[in-house]
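> Sequence isn't available, so here's the structure alone:
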């Protein structure tokens, strides 16, 4: 066998592996949305990060993360995951605020055809959390946000960006709004970010206090969450993960690497807690920057495992 034949045989072997992966579960056909188990909305834009003084690159996050997710193995009955972009970077460059509202409208249209039990939003910058909240505002009178983040992202800057989404929504909200800031570091948040919201309640829990309460994340975190962040049956809960909350040992690809972050296993427990206590599991993953990840794509692989285990194929 010559080298060319050998190479062709290798390619044939590798191509068959797709049949063992979940790649075929994904579709960008919105006509299939009513039959989909999970809606994955993407916002491939990092302009909000740049407006906040951060580094370019998170616009590549949805593609980078999902490319790894699709290679993962299929162990269960086929499901249907519809992937739909809801943000336009060019529109954001023309008029950022208008583009945010257009993105919220695009999300609302998707919800009207979706009958599944899980919605995942992948950014892009954390400014897209604002568009998620705007799109969800009409579905419930009570919204609870659990924001896993080193930064509170409640800056009171006049122009919106990735550091303003939760105060920005609060200033416009017409619903009962409860914001839980989980994994905060005091040394990266100014006093102005901690001031009361225009509307709604804000609860701040530092990484230090969380680590102490769970003996360095070794005890049952979900029990602690149920006691300290209870979820009422009449609340719509939106779980938002800013990837700079994750410990640097797992997550290097962010604008602000976290030397004292939350370990990945604890992040998964938080996702599990919210998923088990909500009728529709609504989550978002933001600020991963593949440009600053290492060559092994360590951060993307960590996030892919989180999505696979806690969103796509959760174990009850």
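Sure, I can see it. Since this is a predicted model, take the numbers as computed values, not measurements. Residues are numbered from 1 along each chain as shown.

> Run through the residues that contact the closest residue to residue 34 other than its chain neighbours.
Spatial nearest neighbour of residue 34, excluding adjacent residues (C-beta to C-beta, 6 or more residues apart in numbering): residue 113 at 5.2 Å. The C-beta positions use only the backbone N, C-alpha and C, and glycine is treated the same way. Counting by C-beta atoms under 8 Å, 6 or more residues apart in numbering, residue 113 makes contact with 30, 33, 34.

> Put together CSV for those, with pLDDT, secondary structure and neighbour count on each row.
Formatted as CSV, the contacts of residue 113 follow (pLDDT from 0 to 100; DSSP: H, G, I helix; E, B strand; the rest coil; neighbours: other C-beta atoms under 10 Å):
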residue, pLDDT, secondary structure, neighbour count
30, 97, helix, 16
33, 97, helix, 20
34, 97, helix, 12
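
> still on that earlier bit, pLDDT score assigned to the residue nearest to residue 34?
What the model reports as pLDDT for residue 113 is 96.

> Next: the one 3 residues further on.
If you check residue 116, the pLDDT there is 96.

> residue ranges for the strands of the stretch 151-300 of the chain, please.
Per DSSP state E, counting those that start in this stretch, the stretch 151-300 of the chain carries strands over the ranges 176-184, 201-206, 236-242, 281-286.

> Look up phi and psi at residue 54.
The phi/psi pair for residue 54 (degrees, to the nearest 10) reads phi -90, psi -180.

> So it sits against residue 151, correct?
No - between residue 54 and residue 151 there is no contact under C-beta atoms under 8 Å: 10.5 Å.

> Those two - which one has more neighbours?
Counted by other C-beta atoms under 10 Å, residue 54 and residue 151 do not tie: residue 151 has more neighbours, with 25 against 22.

> and the gap between that one and residue 46?
For residue 151, the distance to residue 46 (C-beta to C-beta, to the nearest Å) stands at 16 Å.

> same thing with residue 76?
34 Å.

> Looking at these two, which has the bigger crowd around it?
residue 46 (27 against 9).

> any idea how far that one lies from residue 57?
For residue 46 relative to residue 57 (C-beta to C-beta), the value is 6 Å.

> so what's in contact with these two at the same time?
residue 289.

> residue boundaries of the helices in the stretch 151-300 of the chain?
165-170, 207-213, 221-228, 264-276, 298-307 (DSSP state H, counting those that start in this stretch).
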